[in-house]
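# prediction below, plus the sequence it came from.
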2 protein chains.
Amino acid sequence: MNVELVNTGSELMLGRVLNTHQQFLCRRLADLGHVVSRQVAIADTGAEIQNAVREALGRADLIITTGGLGPTSDDITRELIAELLGKKLIENKNVLTHIEQFFAQRNRPRPSKTSVETFVPAGAEVFLNATGTAPGLAIKIEPNPFRPDKKTSWLVMLPGPPRELRPMFDNQIVPLLKREFAEEIFICRTLRSSGVGESRAQELVEQDLQPLVRQGLEIGYCARPGAVDVRLVASGATAARLIHAGEASVQKNLGANIFGFDDDEIENVVVQLLNAQKKTLALAESCTGGNIAHRVTNVPGASAVFLGGVVSYADVVKEKFVGVRAETLAAHGAVSEAVAREMAVGAREKFGADFALGITGIAGPSGGTVEKPVGTVFIALATASGVEVKKFLNAWDRETFKQVTATQALDRLRQMLSA
Amino acid sequence: MNVELVNTGSELMLGRVLNTHQQFLCRRLADLGHVVSRQVAIADTGAEIQNAVREALGRADLIITTGGLGPTSDDITRELIAELLGKKLIENKNVLTHIEQFFAQRNRPRPSKTSVETFVPAGAEVFLNATGTAPGLAIKIEPNPFRPDKKTSWLVMLPGPPRELRPMFDNQIVPLLKREFAEEIFICRTLRSSGVGESRAQELVEQDLQPLVRQGLEIGYCARPGAVDVRLVASGATAARLIHAGEASVQKNLGANIFGFDDDEIENVVVQLLNAQKKTLALAESCTGGNIAHRVTNVPGASAVFLGGVVSYADVVKEKFVGVRAETLAAHGAVSEAVAREMAVGAREKFGADFALGITGIAGPSGGTVEKPVGTVFIALATASGVEVKKFLNAWDRETFKQVTATQALDRLRQMLSA
């Protein structure tokens, strides 16, 4: 089965927006056994869109387009594709009702421009947009005049905003694909680790994987901020056995460094572990500036285990809100083992939590010294039995520093909870 | 001038990695006046790479490929392109010396695998890699046998790692492009707005822009979480005048809804305004869970104006840390105008800040009621002269809810600071 993506949008070609659809859709399609063979991005002008879709229709069993279904003047994908396929656009009452309800619920008048979204190509399957107005559309092209063999193709059009495209794909397009295309055996399993670098992770796992590689297992490595992914891929009848054996081998060699699988984020694992053990967490963040709280509260259900946190950017806040002593600040400086320790202990007490993390460091770009260069960070974990502090040097740009430090802090908690 | 990008890499097609090269290169090329007309991503297998490059050579004056130049077995772009163009690979002594020095400086033996990187297509310009080993390559194809008109094309091959590709493009490829291609006048200006939806933004601006559109100004709209970008594009001799007039027109019609330009984020604008007015900020975040603090602390220099924040997930934290009264919580519930008000006022007092934001709401997916559905949120802004609360319904998924709500809160502060 041949799958192609066509991303439309002048903002992509001008480099104003990152194309996140490619990764999302390629990932989801691979999970269904359909690896995308080609992705094309073009501006949202008539000739470009029609050329790209015509070429894809000449090759693929499934073509997915993104973007150009909205109400504004540069949203012309629907019209261009209908024209290419010789289909009329017909008003769809369900879409009209849906859009009217969308605005009624928000107590806003329906902009007249949205009327264009109610017109769909004749014969298209229509997917009402649960998080927006423009519907998704699917057209069965039978026979497909653009293919040399005239075989049937499906063309699926998805709206451009990620918050609309993603749930629509998962909830409405996946069922269509399962109905129309046989799933192929293709397994991709990612083991996510923290605490080792990419080369070291490879050194630890590759030798034991060699016999499986000779049988068809593919391995990939990907370095992330504070984490390394090991990817195992296999297809066909032996896929399950190869992946199973490969996973066991990587597990054995990376041990406790593995924090999760596939889409697991370390914060989801931590919330799960806290939930299972009925324990609570509080935070005192300085240099991570709320990044840990933000990531923990991204997890649905975090409120059951996360009591709260203090972002103590100013020194006086460290004193007042988490009880760091003025003498400690004066003697050791805000970025010190002693202050991290008092932050964690103070947050644990003040919030009445089972565990607390205290993080202080220098995110940069300024503020470093010879003794404490930019990237210096102390991470303290306080529990009922005491507090332990670890020092790291995360010499990255400011945002990467925050991500890496937050991951290290959450990983300390994870390792303790799963020990 | 026609420019196309070809991104190679199986990890892209499996959706395991985000393709950041497209945005980077499209943006840089647009700044030089060369808008990319097509970007293609394909797996790093022989047939796919040769097909994609052959097609691009049939259309483009400049083709840029990324990836596949490294030392491992899946790095085959150089060999495949040499074969396609009928060029021999010849060992280049400068590259060999460079790679030997690269490893000598790091006190590591040169891996024998890197020898493949020293072979370059005959006649290619070679760009030594300042941050890695694989050189960039540029080939002048004169005449280009794949083009119907046989005109000359340039093919540029860049290494895949972003930390190698980016400096190489900026420092070594841009001079080549300036030498070989006349710079074209091309201006892209983005006005970033908040507080209006995409359709409404268009309604407000489009009519006044029509005379400029007839003269060649292009307009684009892009909906972001809590924000809408209006993009103005023009080229040629009248570009500066059209952009200038277009910008003034959009400014007039969107007024205070415009928070910034091009790459401005609302948090950068807020930190700038606070800095300029020498004012400080504190936060009491419930449903945004630290997202506002995280965004504010992403801005270098935020520590001069941001004192800190409390992430008050549990009710008891709202009482203890920002002084919300138990009676208020009991009478109105945690998600209420009254609690938002007391959070902002309490945070302002406790942190000793000039301004404080208090945010309470229901991020979902659970926790909604008929009266207060998921997405309900109250945003309070406390100043020396009092406190004002606004209610919103942000009925999105959890992460979008947090982003949109954080943007609305920051925008309230921005509007007040710039009034």
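All right, it came through fine.

# can I assume residue A:190 sits in a helix?
No: counting by DSSP: H, G, I helix; E, B strand; the rest coil, residue A:190 is not part of a helix but strand.

# that one bridge partners, please.
Applying DSSP bridges to residue A:190 yields these beta-bridge partners: residue A:231.

# and for it, the neighbour number?
Here the count is done by other CB atoms under 10 Å in any protein chain shown, and residue A:190 has 19 residues near it. Quick note: C-beta positions are derived from backbone N, CA and C, even for glycine.

# how about the helices of the stretch 301-419 of chain A, start to end?
Along the stretch 301-419 of chain A, counting by DSSP state H, counting those that start in this stretch, helices occupy A:315-322, A:326-332, A:337-351, A:398-417.

# make that the stretch 51-200 of chain A, sorry
Ranges of helices in the stretch 51-200 of chain A, per DSSP H, counting those that start in this stretch, are A:77-85, A:93-105, A:162-168, A:174-180, A:198-214.

# which of the residues in the third one are buried?
Within helix A:162-168, the residues scored as buried using 16 or more other CB atoms under 10 Å in any protein chain shown are A:163-166, A:168.

# can you redo those as CSV with distance to residue A:339?
Listed next are the buried residues of helix A:162-168 as CSV, based on distance: CB to CB, whole Å:
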residue, distance to residue A:339
A:163, 40
A:164, 45
A:165, 45
A:166, 41
A:168, 48
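
# one step back: can you say which of the helices of the stretch 51-200 of chain A is nearest to residue A:282?
With respect to residue A:282, and counting by CB to CB, the nearest of the helices of the stretch 51-200 of chain A is helix A:162-168 at 30.7 Å.

# packing partners for the closest one?
Counting contacts by 3 or more CB pairs under 8 Å, 6 or more residues apart in numbering or on different chains; DSSP states H and E, helix A:162-168 packs against helix A:21-31, strand A:153-158.

# what's the closest of the buried residues of helix A:162-168 to chain B?
Chain B lies nearest to residue A:163 out of those, by CB to the nearest CB, at 4.7 Å.

# surely the closest one is in contact with residue B:223?
No: with contact defined as CB atoms under 8 Å, residue A:163 does not reach residue B:223; the gap is 9.3 Å.

# quick one on the thing from earlier: dump the helices of the stretch 51-200 of chain A to TSV, plus mean pLDDT.
TSV is the format used below for the helices of the stretch 51-200 of chain A (pLDDT from 0 to 100):
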stretch	mean pLDDT
helix A:77-85	95
helix A:93-105	95
helix A:162-168	94
helix A:174-180	96
helix A:198-214	89
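
# possible to save those as a markdown table with distance to residue A:63?
Output for those, formatted as a markdown table (distance: least, CB to CB, whole Å):
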| stretch | distance to residue A:63 |
| --- | --- |
| helix A:77-85 | 10 |
| helix A:93-105 | 22 |
| helix A:162-168 | 15 |
| helix A:174-180 | 12 |
| helix A:198-214 | 34 |
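
# out of those, which is closest to residue A:302?
helix A:162-168 (20.0 Å).

# tell me how far that closest one is from the chain's mean position?
On the basis of CA atoms, centre = their mean, to the nearest Å, helix A:162-168 sits 13 Å off its chain's mean C-alpha point.

# which residues sit against that helix?
A:20-21, A:24, A:66, A:127, A:129-132, A:134, A:136, A:158-159, B:225, B:396-397, B:400 (CB atoms under 8 Å, 6 or more residues apart in numbering or on different chains).

# before we move on, what about stretch A:253-260?
Contacts for stretch A:253-260 (CB under 8 Å, 6+ apart): A:191-196, A:201, A:204-205, A:208, A:227, A:230, A:250-251, A:266, A:268-269, A:411, A:414-415, A:418-419.

# deepest in the core, which of the helices and strands packed on helix A:162-168 is it.
Highest mean neighbour count among those (mean count of other CB atoms under 10 Å in any protein chain shown): strand A:153-158, with a mean of 25.

# touching chain B at all, it?
No: Strand A:153-158 stays out of contact with chain B when judged by CB under 8 Å from any CB of the partner chain, the minimum separation being 14.7 Å.

# and the angle for that strand with helix A:77-85?
With axes from the mean of the first three to the mean of the last three CA atoms, to 10 degrees as the basis, strand A:153-158 and helix A:77-85 are set at 160 degrees to each other.

# packing partners of strand A:153-158?
Using 3+ CB pairs under 8 Å, 6+ apart: strand A:153-158 touches helix A:46-57, strand A:62-66, helix A:77-85, strand A:136-141, helix A:162-168, helix A:174-180.

# now it, how far from the centre of its chain.
Relative to its parent chain, strand A:153-158 has a centroid offset of 24 Å by CA atoms, centre = their mean.

# which residue is nearest the centroid of chain A?
Centroid-nearest residue in chain A, with CA atoms, centre = their mean: residue A:263, separated by 7.5 Å.

# which SS state does it fall under?
Secondary structure, three-state DSSP: residue A:263 is coil.

# isn't residue A:416 up against residue A:381?
Yes: the pair residue A:416 / residue A:381 is scored as a contact, 6.6 Å apart, by CB under 8 Å.

# find the residues that touch each one of these two.
Shared contacts of residue A:416 and residue A:381, defined by CB under 8 Å, 6+ apart, comprise residue A:355.

# the more surrounded of the two?
Taking neighbours as other CB under 10 Å, residue A:416 and residue A:381 compare with residue A:381 leading, 23 against 13.

# what's the nearest residue to that one if we skip its chain neighbours?
residue A:412 (5.1 Å; CB to CB, 6 or more residues apart in numbering or on different chains).

# just residue A:350 next, same as before
Spatial nearest neighbour of residue A:350, chain neighbours left out: residue A:322 (6.1 Å); criterion: CB to CB, 6+ apart.

# picking up where we left off before, buried subset of the contacts of helix A:162-168 as a PyMOL selection?
Those of the contacts of helix A:162-168 that count as buried under 16+ other CB under 10 Å are selected in PyMOL with:
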select buried, (chain A and resi 21+24+66+127+129+131+132+134+136+158+159) or (chain B and resi 225+396+397+400)
